[in-house]
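Visitor: Provided below for reference: sequence and predicted model.
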Amino acid sequence: MINADLNTIEGRVYPARRKTQNLVGGASPIQARSFCLGYVTLEPRGGQVPWHNQEQEEVYFVLEGTGEMCLGDERRTMSAGQVVYIPPNVFHQLTNIGETPLRMIYCYGPAGDVAHWRQELDGTLPRAGIEAPPLPQGASPQHHKKPETHQNQSS
């Protein structure tokens, strides 16, 4: 039996003030062909999964906290217990707008790395309204600055 334990998965901290721990796929001992699954913590007041897209379809399941979800040209508030479906190739962003950490689970398929992880670490994310479609009106700005340094932890 292969298992993974969230309590022992170090994960990676990203410049947009989030920590991602791979449960299935990435650095996890569990590898699946059809999907990847992970646990994400967004820091209070602005921690973010920045504006990006990918070929895989995906869902975000908010476990606790309050966030602003942007999907294509839509923007709405999400809170604990809510799930959003993200179609393939549609730009999306989740920003913690609360005073406490936002914790969520993502699941996307098929399995494989997504470019935005490396782009964020390298400071090369396509910028909203320049190299990528604009964010919905009134949305929290996209984090896209190149970090001064980044940690070399497992993704």
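Guide: Yep, that arrived. Numbers count the residues shown, from 1 in each chain.
Visitor: Any idea what the residue nearest the centre of the chain is bridged to?
Guide: In the chain, the centroid-proximal residue (CA atoms, centre = their mean) is residue 49; its distance is 3.9 Å. Taking DSSP bridges as the rule, residue 49 bridges to residue 94.
Visitor: What pLDDT is listed against it?
Guide: We have a pLDDT of 98 for residue 49.
Visitor: measure it to residue 31 for me?
Guide: From residue 49 across to residue 31, the span is 22 Å (CB to CB, to the nearest Å). In short, each C-beta sits where N, CA and C put it, glycine included.
Visitor: If you rank every helix and strand of this protein by mean pLDDT, what lands last?
Guide: Here the helix or strand of the chain ranked lowest by mean pLDDT, DSSP states H and E is helix 115-122, holding a mean of 90.
Visitor: chain center to that helix, what's the gap?
Guide: Mean C-alpha position of helix 115-122 versus that of the full chain (CA atoms, centre = their mean, to the nearest Å) differs by 11 Å.
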